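Trainee: predicted model, plus sequence, below.
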Amino acid sequence: MEFLVYVLLGSVFLFYLLVRPFLQPRKLLPPSPRGLPLIGHLHLLGRQPHISLQELSNKFGDIVCLRLGLVPAILISSSAAAREALKTHDQTFSGRPYFLLGDYVYSSKSMVLSPPNEHWRRMKKLFNAELFTANRLASFLEVRREELASMVSFLIDNQSRVVNVRELVRSYTFNTITRIVMSKRFFGEKNTVNEEEAMEFMEVMEEIIKFGFAFHISELVPAWVRWIDWKIPAVKRIAARENIVIQKILDEHRKTKSSRGTKDFLDILLENDTEGDGGGNDLDNARGTIMELVGAGTYTTACVIEWVILELLRNPDVLEKAQHELESIVGQTNRLVEESDIEHLTYLQAIVKETFRLHPPAPLLLRMSTQECVISNYHIPKGANTFVNVYAIGRDPGLWENPMEFSPERFVGSSMDVRGQDFELIPFGAGRRTCAGLTLGLKVVQIGLANLLHGFDWSCVAGRDYDVAESSVSVIWPKKPLEAMVTPKSR
Ligand code: HEM
């Protein structure tokens, strides 16, 4: 008898398990293309994922459900859905996907790659209260001026020669950011490091960026099987190399402390390092953060300036208008354009916005849903890697008239901005994971450009292509490094 009761209860329980999925209200997932076993939709990403994903959303809609390996993913490609995700559900989408790099190279002390954990919150507070305040940024005004002057004098010395614009602007943004972050200058005559050290730093940084932008098996499987990733030894080697480079910087930084008039970011990070071992040896926080700040702040700013110059060479009427504005606001003088001039240079600001619209350096925002939610009536599962396609939004014909045309005029008289409030244009992201260096990044771009355009005439090099093909790795540069003829204005 007892046995029969057990059998009956067991059968009822089994029946419940079988029918349970049908009793619950069905959750409507976003549409999804047909995937392959194991890899899911990975093969659809191609060499330029922002473009492949844009094509996918043209077919399947603003929100698409994907699977990358065994990890669920969501693709968002409209400004309305981006607003819902990054504003209405800001906290839910404040996660980042898992990156192998974050675990090993940054010892889980990355700001950019961390989930919204205690470490990230502490760093965010420090960034907002100490590093990126208006006063702190003002304390580096002279650094920015010196680097502008140095770029200008390089061009005067090399006038009427073909200039490699990528090298020129990369040196400018690199020197500016590394001086602010750690009082070091890597390029040019007055560099504070020797060539070998500069090469090593750049190589490590590029290795990290390249590694970070590739997919690795551990990023495509559940957490408990990440150990199978055969790239772990490679990432450990990169971490070891990075450690040596950073340790050198930290040792030297400590020695030169008394000679620094202004505190740099590293000084502040070290003063606030309560997570390290306190003995001045570990300093994981500072280690990861300085490399990240340099990585996040240099290539992005340099590539925007390069895209602007390329678009101006393709659109000489826009170039002429920008130079005309500069002459009328700054005057026909040989002085540097100052940061205080920028607010009056509205056409220049419109050019920068238009370039961000067509060529956002980071075309995909990478987030992770930290809990379930509903967007545009679709169910979004917890733990979904989420791509917001900033590139597709910037070229959406439903939002922009003649979206493929470079036309800064569309921003003249418009209050639309790049600071994360207008979801049609979010090159710096939006919400709580928005770019921490937004204000600094914009300053470096705008003032760099203003001086390049005010002081010099620009023209194409005969026989060179000036198309807008894009590179396929890391931040999105023009495919070929831009070259141009640059002549100082005769005044
Ligand atoms: C034109 C220049 C720049 C562009 C276009 C840019 C773009 C971005 C984007 C798209 C993100 C991800 C935002 C999101 O997920 O919503 C980001 C994050 C970040 N950026 Fe920038 N960035 C620029 C300059 C800088 C500079 C100059 C720095 C610092 C020196 C910086 C530091 C960071 C950091 C620390 C994060 C991570 C924030 C977090 O995860 O909480 N960026 N940036």
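Mentor: That came through fine. Numbers count the residues shown, from 1 in each chain.
Trainee: wait, isn't residue 364 in contact with residue 52?
Mentor: No: using Cβ atoms under 8 Å, residue 364 is not in contact with residue 52, being 10.7 Å away. In this view, the C-beta of every residue, glycine as well, is placed from N, C-alpha and C.
Trainee: which one of the two is surrounded by more residues?
Mentor: Counted by other Cβ atoms under 10 Å, residue 364 and residue 52 do not tie: residue 364 has more neighbours, with 19 against 14.
Trainee: so for that one, what pLDDT did the model give?
Mentor: Looking at residue 364, its pLDDT stands at 96.
Trainee: for it, which residues count as its bridge partners?
Mentor: Listed by DSSP bridges, the beta-bridge partners for residue 364 are residue 389.
Trainee: list the residues that contact it.
Mentor: Shown in contact with residue 364 (Cβ atoms under 8 Å, 6 or more residues apart in numbering): 49-50, 53, 387-391.
Trainee: the stretch 351-491 of the chain: helices as residue ranges?
Mentor: Ranges of helices in the stretch 351-491 of the chain, per DSSP state H, counting those that start in this stretch, are 390-394, 438-455.
Trainee: ranking those by burial, who's on top?
Mentor: helix 390-394 (a mean of 26; mean count of other Cβ atoms under 10 Å).
Trainee: can that helix be said to contact the ligand?
Mentor: No: Helix 390-394 stays clear of the ligand (Cβ under 6 Å from any ligand atom), getting no nearer than 7.0 Å.
Trainee: contacts for that helix?
Mentor: 50-51, 53-54, 57, 77-79, 82, 356-358, 360, 362-365, 399-400, 403, 423-427, 429, 476.
Trainee: just give me the residue right at the centre of the chain.
Mentor: Nearest to the geometric centre of the chain sits residue 362, at 4.6 Å (Cα atoms, centre = their mean).
Trainee: phi and psi next, for the residue lying closest to residue 455 once chain neighbours are set aside.
Mentor: Distances taken as Cβ to Cβ, 6 or more residues apart in numbering place residue 152 nearest to residue 455, at 5.6 Å, with adjacent residues excluded. Phi and psi for residue 152, reported as degrees, to the nearest 10, are phi -60, psi -40.
Trainee: from here on, call the first residue 17.
Mentor: Understood, numbering begins at 17; the last thing we discussed is residue 168.
Trainee: how close does residue 168 get to residue 105?
Mentor: Look at residue 168 and residue 105: by Cβ to Cβ, to the nearest Å, they are 46 Å apart.
Trainee: now residue 137
Mentor: Relative to residue 105, residue 137 is positioned 18 Å away (criterion: Cβ to Cβ).
Trainee: these two: who's more crowded?
Mentor: For residue 137 and residue 105, the more surrounded residue by other Cβ under 10 Å is residue 105, and the numbers stand at 19 against 12.
Trainee: what's the closest non-adjacent residue to the more buried one?
Mentor: Counting by Cβ to Cβ, 6+ apart, residue 105 lies nearest to residue 389, which is 5.0 Å off, once chain neighbours are set aside.
Trainee: and the one you found, what's its pLDDT?
Mentor: Value for residue 389, per-residue pLDDT: 97.
Trainee: do stretch 95-102 and the ligand meet?
Mentor: No: Stretch 95-102 stays clear of the ligand (Cβ under 6 Å from any ligand atom), getting no nearer than 6.8 Å.
Trainee: now that stretch, how far from the centre of its chain.
Mentor: Computed by Cα atoms, centre = their mean, to the nearest Å, the chain-centroid distance of stretch 95-102 equals 19 Å.
Trainee: residues contacting it, please?
Mentor: Contacts for stretch 95-102 (Cβ under 8 Å, 6+ apart): 78-79, 92, 108-109, 381, 383, 391-392, 402, 404, 409, 412, 415, 436, 439-440, 442, 445-447.
Trainee: same thing but 7 Å
Mentor: Applying Cβ atoms under 7 Å, 6 or more residues apart in numbering, the external contacts of stretch 95-102 come out as 78-79, 92, 109, 391-392, 402, 404, 409, 415, 439-440, 442, 446-447.
Trainee: list buried members of the residues you listed by neighbour count.
Mentor: By neighbour count, with 16 or more other Cβ atoms under 10 Å, those hold 78-79, 92, 109, 391, 402, 404, 409, 415, 439-440, 442, 446-447 as buried.
Trainee: pLDDT weak spots in the stretch 17-166 of the chain?
Mentor: For the stretch 17-166 of the chain, the stretches with pLDDT under 70 are 17-41, 123-124.
Trainee: what ranges do the helices span in it?
Mentor: Taking DSSP H, counting those that start in this stretch as the criterion, the stretch 17-166 of the chain carries its helices at 18-39, 65-76, 95-99, 116-120, 134-142, 150-154, 157-173.
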